[in-house]
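A.B. asks: Turn this into a structure:
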Amino acid sequence: MFERITENTFDEIFPLLESAFPVTELRIREDQRKLLQEDCYRLYGVRKDGIFAAVFATWEIEDFLYIEHFAVKEEFRNGGYGGNLLDRLLEEKGRPMVLEVEVPQDDMTRRRIGFYERHGLVYNDYPYLQPPMRKGQGMLPLRFMTKPTAVDEKTYERYKKLIYKIVYKYEGE
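C.D. replies: Below is the predicted model:
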């Protein structure tokens, strides 16, 4: 079901990432491709009717799973498909999970947070700044969602430090 993306299938899946994320939340194509060489990085695609219908970009860091990207192709949304995939991924990986979401400011960001809450994730209100994904960009204010529970400040700081170091290669803050 979860197809590990390789150099051979990367160009087939990248357009789904581009269509689902703003440039502030996605690396340029070649930088994203280079991540395939990282030991703890996994890019997975899920096919439906022969085409990639969903994508997960994950990092297996120490004792937790960090989901950097999760997207479902527009025509497969709102029918439970994405939620089922998320549940299966979390069950298969069997470890605490962390992902970043926008600060809830409008209906869309609240709906996105609600989707994750329906799948057992908990919103953590610690201030978090995502390091730039591309040169020339600034820090992006986001929040963590975690599963199976909210995290205490010490755990939040540990997750943040590891994500900054391993995912973003960022030494600041």
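A.B. asks: residues contacting Leu16?
C.D. replies: Listed by Cβ atoms under 8 Å, 6 or more residues apart in numbering, the contact set of Leu16 reads Gly45, Phe52, Ala54, Val55, Ala71, Lys73. All C-beta atoms are positioned from the backbone trio N, CA, C, and that covers glycine.
A.B. asks: Out of those, name the ones that lie in strands.
C.D. replies: Of the contacts of Leu16, the ones assigned to strands by DSSP state E are Gly45, Phe52, Ala54, Val55, Ala71.
A.B. asks: hey, where'd the strands end up in this protein?
C.D. replies: Using DSSP E, strands in the chain cover 3-4, 41-48, 51-61, 64-72, 97-102, 122-130, 140-147.
A.B. asks: Can you say which of those strands is nearest to Glu171?
C.D. replies: Closest to Glu171 of the strands of the chain is strand 122-130 (Cβ to Cβ; 13.7 Å).
A.B. asks: Show the pLDDT at the residue of the chain most remote from its centre.
C.D. replies: For the chain, the largest distance from the centre (Cα atoms, centre = their mean) belongs to Asp49, which lies 24.1 Å off. pLDDT recorded at Asp49 is 90.
A.B. asks: likewise the one 4 residues further on?
C.D. replies: Residue-level confidence at Ala53 comes out at 96, pLDDT.
A.B. asks: Repeat that for Glu173.
C.D. replies: Glu173 is given a pLDDT of 59.
A.B. asks: Equivalent analysis for Phe76, please.
C.D. replies: 91.
A.B. asks: Burial check on it, number of neighbours?
C.D. replies: Phe76: 17 surrounding residues under other Cβ atoms under 10 Å.
A.B. asks: Make sure Leu86 is actually in contact with Ala71.
C.D. replies: No - look at Leu86 against Ala71 with Cβ atoms under 8 Å: they stay out of range, at 11.1 Å.
A.B. asks: neighbour-wise, which of these two wins?
C.D. replies: Taking other Cβ under 10 Å, Leu86 and Ala71 do not tie; Leu86 has more neighbours (24 against 20).
A.B. asks: how about the nearest residue to that one, chain neighbours excluded?
C.D. replies: Once flanking residues are discounted, Leu86 sits nearest to His119: 5.3 Å by Cβ to Cβ, 6 or more residues apart in numbering.
A.B. asks: which residues sit in contact with the one you found?
C.D. replies: Taking Cβ under 8 Å, 6+ apart, we find His119 in contact with Gly83, Leu86, Asp87, Leu90, Lys147.
A.B. asks: The last one is in contact with Asn124, isn't it?
C.D. replies: It stands for Lys147. No - the pair Lys147 / Asn124 is not scored as a contact, 10.9 Å apart, by Cβ under 8 Å.
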